[in-house]
Every structure is written in C-alpha cells, then in structure tokens.
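Visitor: can't give you the sequence, but here's the structure:
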C-alpha cells in the first residue's frame, strides 16, 4: 500500500527532479568552465577587498556589483563604508587592508597637525568674512598673521569619514582612537606639510608642532607658541633637524629617550609636544 | 618684494646692509618667463625676509630703508615728442630693453612683457590691441595716464608694433571717456611716423578690460577656452605697459614706478599717485589723507577682482594699479547673508564667458570637482559678475576660485 | 569583534534593529513597497519570508563545509527558489485570497537580497543554531517593518486596520496612501525617522 | 592693527536686490488673479487663500524648527506656494483638505529636499497632485461663481447646504465630448464656444484663481515687464499648447474645440506665467527653457486630449520638473571660447 | 578527459545531488497540494457564480472560446451552464476580460438562459486605482447591470443609477474603469451569444 | 495595422503607464543604488533593457515549449531564475572576452542584474498576464527595459542635483530618493488612462 503510494508519488514527481538535475548539471559545468577560462587577473589589493565583501552584487553601494565597488574603494578609500549588507565589519576589514597598503609595513601611519596655536595664541590683522573653508581663506593674504599654521575652518574635519577630527578653538585636533590613517585630512589641508602622515612607531609620537618659515622675530609676532628656530633641540638629539627657520623631527630616526625629553624641556616656546593615542596631556 | 609677476620668482642679488641706488638691479632670475627687479630708491637693505604679499600672503622680500635725501622720481612724459620714429630701434634692441627693464603687464596679470613681445614664428601677431579700458569701476589710473602721457603711450605702442612687425593696432578706450579718445586721435595726427593705429571707443561695462572681452568686442573673435590671445594672433597690452616700454627703450629707465589710483569712500583725498613699486599701502594711504572712520575694507586692486588686505605694511607691486577703500555702505547687501540659490539664472545671464556659475559653484562647494570641470570651471576668469548680481548673495566666484585651487592641488597630488 | 562568539540575543536583536534588513540595510525593497497596502498581505509576506529565510539558512548552514566557492551562489539560489516555490504552493492551497493579492511578489522572494545576503553573510559561516536564530531575527525584523508600513498605509488610506474601522466618523480616507506614491513617501519618511533616531543615539 | 578691517575674497561690491524682492514681484503679479477670485467667489476665495498661505508658512516654520535651521519665511516663497495652491483648487474644497495639501506641498514637496532652491518639484503642484490622488471627487467638483449664481453657498454653509450647485468647467465639458461619443456633443461644443467670453473674464466654474484669463494676463505682463520671469517659458508653453490643440482640432474637428479656448481655459495661463516660470524647478539655460516650456505645453494638451484627467497642467509641470536636471545637463553651456582642447 | 570528469564530479556533486533532491521536494509538495489548489479555483469561481445565479449548479460547456476584445486582441473564455435543481437551464456564466485603467480587468458575467437579460457580474481580478476605479467592485455600480438587457449598453455621466435600463451611469472620477466594464459587456455579450447559438447550446425561444 | 497598433500600445503602456518601477515596484534596489550618476544609470538601464529582453523572451519560450507541454509548471520559478542567471553570466563572459569596451560601458552592470527583481518580475508578469504571442512578449520585455532606463535616468538626473542640496541629514540617500520616487509616481499618474 505504502509502496504503491510512493510509486505514484515518484511517477508524478520524477520529471521535476530530473529537470532540476539537468539544470544543476548544466549550470555547474558552465560555471566551472567560466571559472577556469575567464578568470581575469586583478590587483591583489582589489582581490583582497573583493573577498572581504559579501559578493552578492546587490548594488546598495551605488556601484555595479561588488567587484566594481572593490575596485573603486581601493582607488579612493574615502568611499569606505558603503556596503550596507556587510556593515561595519566589512568596512573595518577593508580599512585594515587599505591602511596596510598605505604604510607598506606593520607600522600604522597617522596624521600629525604641525601647529599648536589656538585662536588666542595667534595674531590677526582683520576679520575674515569669506567662505568659511581653509582653502578659500588660504587663497587670501592676511586672514591671520601666520601663513603656515592651522586656519581652523575645518577642511580636514569635513574630509574625515570617521569623525576623528575636531576643531578646538581654531585648531584641528585629531582623535587618534577614531583615526584610521586614511590620509584624507592631509590631502584636504591647504597648508603644505601642516598635516603630515607620520609612521607611528610608538603610540605617542613627539613632534615639533610648527611649520612657520618666518624668521624668529616674525614668528613671535604672529604666534605665541610657534617655533622660533632657536636650534636648541637639534643640539640634544639628532632626530631634530632644521628646516627653513623651524625645527622638525625626523620621525624615522625618532626613539623616545632622555635626550628627547631634554629637548622638550629646553624648548623656549614649548612647541615640542606629544601626539597620539597615549600622548600625555 | 621679489614676487612681482607671473613666472619664476626672482632671487635677491643684494645682501643685507648693502647700500643701493635708484635703478640698481636687486632681484633677478634666469628663467625666460621672468623679469628683473630694480630698486626705486636710494637706500640700505634692511632685511631680506618674508613680507606680506597681496596674493601669496607671505613672500620673500628685500626690505629697503630709504635714504633721507631721496629726491622722488618724477614722471617723464615730456621727454617724448611727436616726431619719434620707432624705426630708430631694431626689434632685438627693443626686446632686450624691455627684458632688461623688468616690464610686466601692468593691467593686473603681470605677465612679463618681454615674453609676450617675443615674436613667435608659429603664430605671428597680426593684431595688437592696446587696452585703455579701466579693468574695474573705481580705478582711474589708466585714464589719467592716457590723458597726460598720450605721446609716451603712443611711442610705446609704436615700439610694440615695430618689434612684432605689425601695424594693425587698436587702442581701445571706453566710451565714457571721450576726452581720452579725442586726445589720442589728436596725438596720432601729430605723429607722422606711426601708421595703422586706430582708436576705438568700446562700451563701458565691466569686465570690458579683460583681454578676452576686449578682443571679442573689437575684432569679434573668441580666445579659445584655456588658450591665450596669441593663439588667434592677437596681442593685448595695457596703456601703462606701453608707457613703460617707451620709457625703457627710449630713456633706458627700468620699471620702478607706477601710477596708483587710491579711491573709494573710505579714503579722505582720493586720487592718482606716481608711486615707487614696493611702497607700503599704509604710506600711500597717508599720502591720500588717511582713512575715514567708516572704512571697512582695504583692497589692492578694484572692487571686483582686487585682494582685500588687512596688513597695511603690504607693498604695492608692478601690477597693482589701485588701492580701493570701501565703506560698509558701498559694499552693499553682502552682510545680509546668503540665502539658498533659487536658480534664477541671473548669474548665467551676466557671465561674460557664457558659463553656468551656479552649477559650477555648487559643485565646487560640495567638492564635486569633476562635475565642476564638466561645466568648464577652468574657463572662469574670476570677474566676479556672478557674485555681484546674485540675489541670494551667494559667493559664487569665491566658490569657483576655491574649486580651481582644489583642482590644481588634486592635479599636483595625482600626477598622471 | 568578529572573533567574539556571537551571543544568542546579540544575533537575534541584530535583525530586529541594528541590522534591520529594511531600515538599515535597505534590502528587499520591492515587496516592502508593493505588498504593504494593508497589514494582512504585509503579514503574509513577512511570514513567507521568515519561512524561506529559515529553511534556506538551515540548509546552507548544514552544507556550509561542503560548499565550493564558485558554485556557492548557484547553490543558494537553488535552495531559495525551492523553498519559495513551496511557500507559493502553500499560499495557493491554503490562503488563496492572499495568494491572489500578493501575486508575483511571492516568487519574487527569490531575488530578495535579504535571503541570499543572510545565506552568504551568516549561514555559510556559522553553525546551525546561530543561523536559525539569525533567520528568525532577520525575518521578524522584516515582518515587523512590513506590518508597520502596511498599518500606516491601511489606516490612512481606508481608516481601517485588519479591515476593522478604527478612525473617527467622517474621516476622509487619503486614498493616495494606497497608491505607489503613498508607499514611497511613507517608507522614505520612516527611513528618515530611523536615521534621525540612530543619529541621536550615537 | 585695525580689527574692524574685513578680509574677504573678491568681488567686494554687490547688486542691491534679493531673493525676497524677486518673490515679492511674483506675489504682486498674483494680485490681479486674487482680486478676480474675490470678485467671483467672494469670501470663500479670501478664506481659502488665507488658510492655504497660513498653513504653508506654518509648515515651513515647523520644518525649520525641527531641523534647527534659521527661519526661512522671510524669502516669501511659502506665501507664493500657498497662493498658487489655493488658486489651483476648486472653491468647494474643505479647509482641512486644503491644510493637508499645503502641508504636503511644503513638507514633502519642498522642505525634505532642503528648502527653497533645492526642491525638484514645484511644491504647489505636488500638493495639488496629492490632493487629486486623495480626494479625486472633491477636486473635480466646482461651484458656480457667485457672479452667475448669487445663491452660491457662502463660507461656512457648505456642510449645511447638502447639494452644492455645481457646474462642470469648460475643460470637463471638453473632456466629456472627447470621451463620450454621444449625441449631445454638438450642443456641448456650442455651449463651450458660447462661454469663451466668460472664460476670458473668469465667470465660469473652475479653480479659484484659474478662471480669469484677463487677471492672469495682467499679472503675467507685470512680471515680464519687471523681468522677474523670462519671456521664453510662457511663450514656449502657450505656443506648444496652441500647436497641439490646433493639430487636434484639424484632425478631429467634431470632438475638439478651437485652440484659443484651450489656452484660455483652466490652469494653462497661470501655469505659463507663474508655475512653469518658477526658477527653482525650471531649467537654467535658454535652450533648456524652450524645451521645458514646449514639454509642459505639449504634455498638458496630451493629458487633456487623451488622458483620463480633464486638466493636465499639474502632471505636465511635475513631469517636466522631473526631467529638468536632464534638460540642464544636455543643454550645457559652452564657454565663450569654445570647448577646451577641442 | 577522465581527469576532467573526475574533477567535475568532485567539484559539483553536492550541487547536482541537492538539485535533484530539491526537485523532488518541490514535486512532492506539488503533488500533495495541487488538488487543493485546483479545488480552490473551482470553489472561488463557483461562489462567484453562485452570487450571480443563486442555487444553481454550474457545468463547463465550452472552454477556451476565442473572443476578440477589440483591436485584434484575442482572449479565451470559458462558458458555464447554470442548471437549477429542477434540471432547467437558468442561465450562463462566462469569464470576460478587458483593459482597465491600470491593468487587465477580469470579470465573471452571468446572463439568463435566453441571453436576453444580464444577471450581473463579479470582478475576478482588477488592479484599478483605489478609491476610483476599484469602485467597479462595489454594489451600487454592479447593481445597475442586474436586469439590464443583454444588448448594447451605453455609458452616461449623469442619470439615474437606480433605474435599470441600457444606460449605465459612470462612476464619477473613474470614467475609464466604467467604460472598460461596459466595453467588456458590449464585446462579450455579442460574441458569446453567437458562439452559443452556433453550437446550438442556447435555449432559444423555449 | 491593428496588430502594430496593439504592439505600440503595449509598448507605451509598459514604458509609461505601467512602468515597472513606479507601478509595480520592481527593480527598486538598483533604482536606489545605481541612480547616483547619470552615466552609471544609463549603463545600468541599457544592461537591464538587454537582459530583460533576453530573459523575457527566453523564459517565455521555455515556458511555452518545455514547461507547459510537459506539465512542469511547478519548477517554473527555479527555471526562470536559473535561466536568467545563466544567460546573464554567459553574456557577461562573452562581452568581457570579445568586446572589452562594451563590457566596460555596460557589462559591469550585468552581475548586478541577476538579483534585480525587475527581470524576474517581468517574466512572472508576462506569465501572469497570459501573453501567448511571441512578438508581444519581445515588445513588452523590451519596453519594460526602456521604462526602467527612463525611470532610473530621471532619478539619476535628480540625484545629481540633490548632491548639492541641503537635504536634512537623516533623509540623505535612500529616504530622499524614495520620496522623490513617490513624487515621480504622482507625476506619472497624469498618463493614466491614456492606454485602453
């Protein structure tokens, strides 16, 4: 009886089963061949990112499928975090892949703002009444006395996708907990070399937070906390080197130690400071 | 001030504490697109350091302390006479004199004139336009010299014609200055040796003084976007430049002085001054009677394209023909603040370059540089008409300028 | 973060709010808009999705170690299509009215990104238990949003919920809410509201 | 150094006009139509317009409050939206429906896009469309103007008078002729032709501010003289509508009316002068304006002649609004010096 | 070659096997529920027809009758004969369709045995605009048809919708949907009558 | 003549009056996702048009010549989705290999389309509408693609303008796109009733 039931059932359903079987076989062959013959060589970074993506080609990111997005995100890391299905985890993974590719080594690269002047420390000639972005302001003379320091309109803040930059009383300040080292801010800043990507060999990096090329007298006139180029620090440690009227730190040579601390102590304007996650306040 | 023009920046050739005399070479550069700088006064080099610059903010400058016994140089139009014959000079001679005298375009751009008049066999100049249109409202320096230095200018004009071997020359003067037109017509008749110079009155409208607009109104040709006038075989030179050429070639005087208009509601005694290049703005303001109490803006240049400054120790340069000092009333409704763009299209109507300012400005504002470029941002000549006319008070040209800076930076960052 | 073993509640609530398929991931928009003219079809749709999601997650999770990378998506599609067909047959047999209302939107579950996304992102990496919880969480998250949307639209368009009049007398129904415009705008505003809430939280 | 010195990018002087003054001009242009509406529909017109403007302004104010943005009522655009919306609904529409329309127009039609200047669609037309979608019957029921029937229900009596005296608009009559190929068509066409004079003056059934062609023309001419609007869009709209109506008339004279009747009827004039010329939602370039205007005119006539609805203005406007970005894109201006490197 | 086949099997055996299993699964489900689905359809149709012609039994007499629905489009219709408990033919029902406002409208139409009077219609499926067109499903519109002559119907905008005659008053604001319904009637009544007469199934002049 | 009229009406109907995106809510995911830029939107639209024509025709053929004669309707959905996926994949490979420029301009969108419900949806609707005319199927499928292209291009144009608009933060992205789409459907209501 049961057997008869099964036979009827079998009789009525085997065509469907066979159809599916045929479809399965057919498509698996096609896919296997495709996989073999049409594999296109890709940039290893793109491939890595592709692997990190869900691969369901949903198009939510605004690109034509996951591989397109992978390609785009490698070229322009600012569009990170557009994969809705993947969510935060995927973004983090991509950020990891990309930041590794920036530094080229295991040392993370993070930006340092080479200025420490807040609004009250600076000299102003007049009021700026134009478009409130650094790039616009920088195109004009006399927005502030110092032509090399942070303008404080926050172009870097606007460029940061991770909300890691705050403008505190006219000075861009980086939150190193949130920073991923994507380099967007250093590209957005109109002041050359003001925000520099630095290999963070230590969680707190020492820095000379000024890039003023004015001679000492003018620097002093424009800013209370600028580097006046007195060269005292260069005598303490060879990692400190002189540039046009200011001292700078060669970050590759930098090793924390006694002499650096002395240099910091001896600096007359206190422009040598720590930056980074564990920077002492 | 060592950055006075477009092109390679000069290197100082004097040292701190050197004593120098008027007309002594103080800055020079080897590059072709450059012009030397001469001291306008007798004095001592006080320092070579960064100094306020109207465009660059801070630039390297030679700061000269003038001697007390300095007798100011006087303009010399009377040294030119109507019977001047440009054929006295060989083209090479003229070229060398211009190059040596450090003459740059005195209308505003500051392109070294020697480069401009260097004959290029690939695109020979067949039309020369002498620009007697004030580049902006408020400025009258060109007008003054056209009236007072007419013969000197014509001498310079004929020299340019000589060096480029071209006698199709127009002198363009705005139609609200009939006396200048008459003066030139009269002077031309009196000068037998020069031929082919036509005086044209053009419509008074901003930005008529821009070379592209001028070429368009006089010979009805468009300068290709992103190109320069020589591409359509035209050369445009300012009247002041022509005067300087005359002085350099005939009298062998280097360019050390220029006429500066000081005007606007914020100054007590507006007027035109013959000032040494490098004089500080504060000195000139003092000369013009000082600031009124309601002065709020000090502009190097005119109100449309000039640079607002705040550091009055900024010196004037070879290109800076004016200082405009505006009061709040003159500035207009800017203080009312921006309202959203209502796409009324007035900026498109006024744009002399037939661009779409609102589109470009909004794209630039939101960092969509590609879009901005698609709408030909780089063709913008920064005339400021769009901002002037915008009922919503949007700083269109400001955004466009910023966009252009961003594009330039992007190109620098990603060389391809 | 991914190394931590996901807790049950964590996985479950992810679908409800943190990674809600409609509100946060913007997946499965077609049925969301099309079937939410009223609560009842919305609920039916939601339940169908839960069923398919659950079954496909179970199957995928069971087979996850045997899957070959390039045949993976094909395998998922096959499984999903099968369960969708079953769901469709079920509705036709036992809920013919709803089946007629939903029409082709039931088979369209096949291409609903939620399911293939969960198969890929969760089931093919996790064990059976986690996958089941995930499917239920995601499915309920989807269903709840569908019902809310359906509720709002039904209420405004007819003044009724589940065909029971609830609005005051003399209420003039806004029939536009039952048209596509109502669907788009309501969902748009709900998404906006959700974005606002999350922005406030963080 | 002097702290009061201002540093800013050039230019440093500005023309003395503002968004507000531009908008004020439009409002002045709408005044004749307002007067006509008051003459024909009495207090109902005043109250409806006031309700509409007030709710538009209130909505805008609330939206700004919600977004913590500065109040933007000063630019007067909400007032214009309110007026145009009020002018484009039948006078019988209840106030609560009017409020729904206004809220939709401002909140969904404008504020969600970021307020004035950012809206893709004309807010008033979006509001009207929404009302049509919601209350189709109400939106197609017109009272007889007070000048024809002095017993027309006054404000506040709508609910008490069970049967409002209604009269189909000329457009509705035309539609009937097209749709029902019945025997009375000749009679109806004759009727329409007979009321052309009324249509010009405005004493026919219809939307509040759309009945009087004369008043709208006066307002339109004012705007043209003040150069608040460009002449291109009205010309293109009316021209293309005329051509379409003319073709239809030639093809099937039995079922169509003369083109000028189409021009004078319904919202075509208010559309041509006040709605299509809304700068925010119209193209920027001259060429674009021609395309836009022609599109509005043609689509209006298409919907009037072939579609379901008697009036096509609102749909035509919204449709052309939606392609405005595309028009703008494809009528991109070339710089005076030609394309670079070309 | 053999190696390739081996590789293939290794790679895709799971897929093939599960495809087969899934196929069977569907087939089994289908086999189990198909009768129920068919029954549902019949029940629905029956109940619809029963509303139109009460207390009758329905029997499919002609299936897939081609009917021209205007402009060269051909639709297929099934015709049912309604038999009362006494065995007399009390009327016919047939499926009918036409283009509505948004989509196809499908109706079930009932006429009396002589094909002289319409006994009503029900909407099988429609996708008309809510609030306007979908009122063709409502009784006040449908009732106009009950008892109307099975001849050419006219649609008017104004008139008495209570009166039963060949004048059908349109739903205000939904002229297209109303027209569609009337058109369906005008189309089908003529063609179905001819068909039935041709087949000799019509109880003519009984 | 009548036949051509019917086809023309079918085409206009599916492009404008019964636009898949606006009335059937099909293809919303890519509609929200890929409508950011006009060139991308157009590429996507073209790709959809191509695939939907192919898929509509293929599935109709399979339905009428394989599934229905052999009573295999129950496997319809699976067959549809696999046929679509397979066809798309094949076309993509073919393009990549033999027409690289074409692949760059619209081939990259092809994988995205497998999960686009507009394709499967249209096949199902054709089945539901009971279209039994081959040419009509082709016209409808093609029209559906054109309709999608129209909708997505309009949306892309609007979104390019919205990029510079001050849209409230919480409404940025998908919400404002949905609201815009809603208003678009309002506008498209005007076309209603044009096709009988």
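Guide: Done, it's in. This structure is a prediction, so every number in the text was calculated from the model and none was measured.

Visitor: which residues of chain B score low on pLDDT?
Guide: B:1-9, B:30-32, B:56, B:68-71, B:108-109, B:333-336, B:414-416 (pLDDT under 70).

Visitor: domain parsing for it?
Guide: What automatic domain parsing lists as the domains of chain B is B:11-66, B:77-251, B:257-331, B:340-410.

Visitor: same deal with chain A?
Guide: According to automatic domain parsing, the ranges for chain A are A:44-97, A:109-276.

Visitor: longest helix of chain C?
Guide: Taking DSSP state H as the assignment, the helix of chain C that covers the most residues is helix C:128-158.

Visitor: CSV for the domains of chain B, including distance to chain A?
Guide: Yep, even glycine has a C-beta here, placed from its N, CA and C like the rest. Shown next, in CSV, are those (distance: least, CB to the nearest CB, whole Å):
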stretch, distance to chain A
domain B:11-66, 4
domain B:77-251, 16
domain B:257-331, 3
domain B:340-410, 4
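
Visitor: okay, now the sheet partners of the strand or helix carrying residue B:237, with direction.
Guide: Using DSSP states H and E, residue B:237 sits within strand B:234-238. Strand B:234-238 pairs in its sheet with strand B:127-131 (parallel), by DSSP bridges.

Visitor: hmm, who's touching the strand it pairs with?
Guide: B:107, B:142, B:153, B:157, B:160-161, B:164, B:166, B:168-172, B:209, B:211, B:214-215, B:218-219, B:233-239, B:242 (CB atoms under 8 Å, 6 or more residues apart in numbering or on different chains).

Visitor: secondary structure element holding the closest residue to residue D:282 other than its chain neighbours?
Guide: Excluding its sequence neighbours, the residue lying closest to residue D:282 (CB to CB, 6 or more residues apart in numbering or on different chains) is residue D:292, at 5.5 Å. For residue D:292, the enclosing helix or strand under DSSP H and E is helix D:286-306.

Visitor: and that helix, what does it pack onto?
Guide: helix D:170-179, helix D:232-251, helix D:313-330 (3 or more CB pairs under 8 Å, 6 or more residues apart in numbering or on different chains; DSSP states H and E).

Visitor: at 6 Å instead, please
Guide: When contacts are defined as 3 or more CB pairs under 6 Å, 6 or more residues apart in numbering or on different chains; DSSP states H and E, helix D:286-306 sits against helix D:232-251, helix D:313-330.

Visitor: mind giving me a markdown table with those helices and columns for distance to chain E, mean neighbour count and mean pLDDT?
Guide: Shown next, in a markdown table, are the helices and strands packed on helix D:286-306 (distance: least, CB to the nearest CB, whole Å; neighbours: other CB atoms under 10 Å in any protein chain shown; pLDDT from 0 to 100):
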| stretch | distance to chain E | mean neighbour count | mean pLDDT |
| --- | --- | --- | --- |
| helix D:232-251 | 19 | 20 | 91 |
| helix D:313-330 | 14 | 25 | 92 |
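
Visitor: out of these, flag the one nearest chain C.
Guide: When the helices and strands packed on helix D:286-306 are compared by CB to the nearest CB, helix D:313-330 sits nearest chain C, at 11.0 Å.

Visitor: neighbouring contacts of that closest one?
Guide: D:121-122, D:125, D:128-129, D:267, D:271, D:275, D:281, D:283-284, D:288, D:291-292, D:295-296, D:299-300, D:303, F:154, F:157-158, F:161, F:184, F:187, F:190 (CB atoms under 6 Å, 6 or more residues apart in numbering or on different chains).

Visitor: and the strands in chain C?
Guide: Taking DSSP state E as the criterion, chain C contains strands spanning C:160-161, C:164-165.

Visitor: grab the nearest non-local neighbour of the residue nearest the centre of chain C.
Guide: The C-alpha lying nearest the average C-alpha coordinate of chain C belongs to residue C:142 (CA atoms, centre = their mean; 3.3 Å). Leaving aside its sequence neighbours, residue C:142 sits nearest to residue C:21 (CB to CB, 6+ apart; 5.0 Å).

Visitor: the longest strand seen in chain E: which residues count as buried?
Guide: Longest strand of chain E, by residue count under DSSP E: strand E:56-68. Neighbour-count burial for strand E:56-68, with 16 or more other CB atoms under 10 Å in any protein chain shown as criterion, is recorded at E:56-58, E:61-62, E:65, E:67.

Visitor: likewise for stretch C:91-111?
Guide: Buried, per 16+ other CB under 10 Å, within stretch C:91-111: C:91-93, C:95-96, C:98-99, C:101-111.

Visitor: low pLDDT regions in chain E?
Guide: E:70-73, E:100-103, E:127-134, E:157-164, E:172-176, E:202-206.

Visitor: ok, now with 50
Guide: By pLDDT under 50, the low-scoring segments of chain E are E:204-206.

Visitor: get me the contact residues on it for chain A.
Guide: Within chain E, the positions adjacent to chain A are E:11-12, E:15-16, E:19-20, E:22-24, E:26-28, E:31 by CB under 6 Å from any CB of the partner chain.

Visitor: also chain C?
Guide: Counting by CB under 6 Å from any CB, the residues of chain C near chain A are C:2, C:25-26, C:70-71, C:74, C:113, C:116-117, C:120-121.

Visitor: again, only this time at 10 Å
Guide: Contact residues, chain C versus chain A (CB under 10 Å from any CB of the partner chain): C:1-2, C:14, C:18-19, C:21, C:24-29, C:68-78, C:81-82, C:85, C:113-121, C:202.

Visitor: ok so, going back, now mean neighbour count, mean pLDDT and distance to residue C:64 too, for the strands of chain C, in TSV please.
Guide: TSV is the format used below for these (neighbours: other CB atoms under 10 Å in any protein chain shown; pLDDT from 0 to 100; distance: least, CB to CB, whole Å):
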stretch	mean neighbour count	mean pLDDT	distance to residue C:64
strand C:160-161	16	81	42
strand C:164-165	9	80	45
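
Visitor: rewinding a little: so of the residues of chain C next to chain A, which ones are in helices?
Guide: Using DSSP H, the residues of chain C next to chain A in helices are C:29, C:72-78, C:81-82, C:85, C:113-118.
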